[in-house]
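> Here is a sequence with its predicted model. Questions after.
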Amino acid sequence: MPSNTIGADGTITRDARSRYRQRSEGGAHGAFEAETKRAGGSPRAEIDVVRGPAPAEIADVLGSTAEVVIRRRRMFNGDRLVQLCDTYIPAFVAEAAPDVAQLDTGVGGIISRMADAGLAQTEVVEDVTQEPATADQASALGVETGSLLLTITHVGRTEDGRTVEVSKHTLGPGWTLRYGVPLD
């Protein structure tokens, strides 16, 4: 089965082919924890949860400027900060699945809490881009301001097409992203 790896040099290979299906493996509280443990790492996260407006580009994807739940995470492998992730969750999702607004979202994380509430993500689209590091991102990730960083904008939708999550992952140095496409 596809799996993430962490090389001897610290390079993280993120294998997207199965990461969301394995999000609760070993009692993990989401895909990052499950995949980092599977690769032999020591995952941890610093989490802040607030309510407020989403940035304009995220509001456009959500199709609304209404207040959202914002989960801000600093994700580590051991003591090394490896990514920053801001997740934007519409109010209707937080009402149906209130645990998404908690610091501890339980086994399987927010995707599992959404599924428990009848809002299972059946489609995920991830756009991978390079974006210049802001001063805050550069300071946190140990790069120069303006350095190009890989970013993944994850959009999760339900079977009926409702967007239930937009996450923007900003990756520190040392990542490889792996995707597979079935050719049937």
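Everything's here; your move.
> Show the end-to-end separation of stretch 166-183, please.
27 Å (CA to CA, to the nearest Å).
> Which helix or strand in the protein has the lowest average pLDDT?
strand 12-15 (a mean of 62; mean pLDDT, DSSP states H and E).
> Skip ahead from it and say which helix or strand is next.
From strand 12-15 onward toward the C-terminus, using DSSP states H and E, the following helix or strand is helix 31-38.
> What is the subsequent helix or strand relative to that following helix?
Where DSSP H and E defines the elements, the next helix or strand beyond helix 31-38 is strand 43-52.
> what's that following strand in contact with?
Contacts with strand 43-52, where a contact means CB atoms under 8 Å, 6 or more residues apart in numbering, come from 32-33, 36-37, 67-77, 101-103. All C-beta atoms are positioned from the backbone trio N, CA, C, and that covers glycine.
> among the residues you listed, which are in helices?
Among those, the members found in helices (DSSP state H) are Phe32, Glu33, Thr36, Lys37.
> Which residues does stretch 150-160 contact?
Outside stretch 150-160, the residues that touch it by CB under 8 Å, 6+ apart are 61, 111, 114, 119-131, 163-171, 175, 177.
> Now which of those would you call buried?
Buried subset of the contacts of stretch 150-160 (neighbour count, 16 or more other CB atoms under 10 Å): 61, 111, 114, 119, 121, 163-171, 175.
> Flag the shaky bits of this protein, pLDDT-wise.
Counting by pLDDT under 70, the chain has low-confidence residues at 1-6, 11-29.
> those strands in it, which residues are they?
5-6, 12-15, 43-52, 68-77, 80-90, 123-132, 148-157, 163-171, 175-178 (DSSP state E).
> Just put those strands in CSV and tack on distance to Ala97.
As requested, these are arranged in CSV below (distance: least, CB to CB, whole Å):
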stretch, distance to Ala97
strand 5-6, 31
strand 12-15, 25
strand 43-52, 13
strand 68-77, 10
strand 80-90, 9
strand 123-132, 17
strand 148-157, 12
strand 163-171, 9
strand 175-178, 28
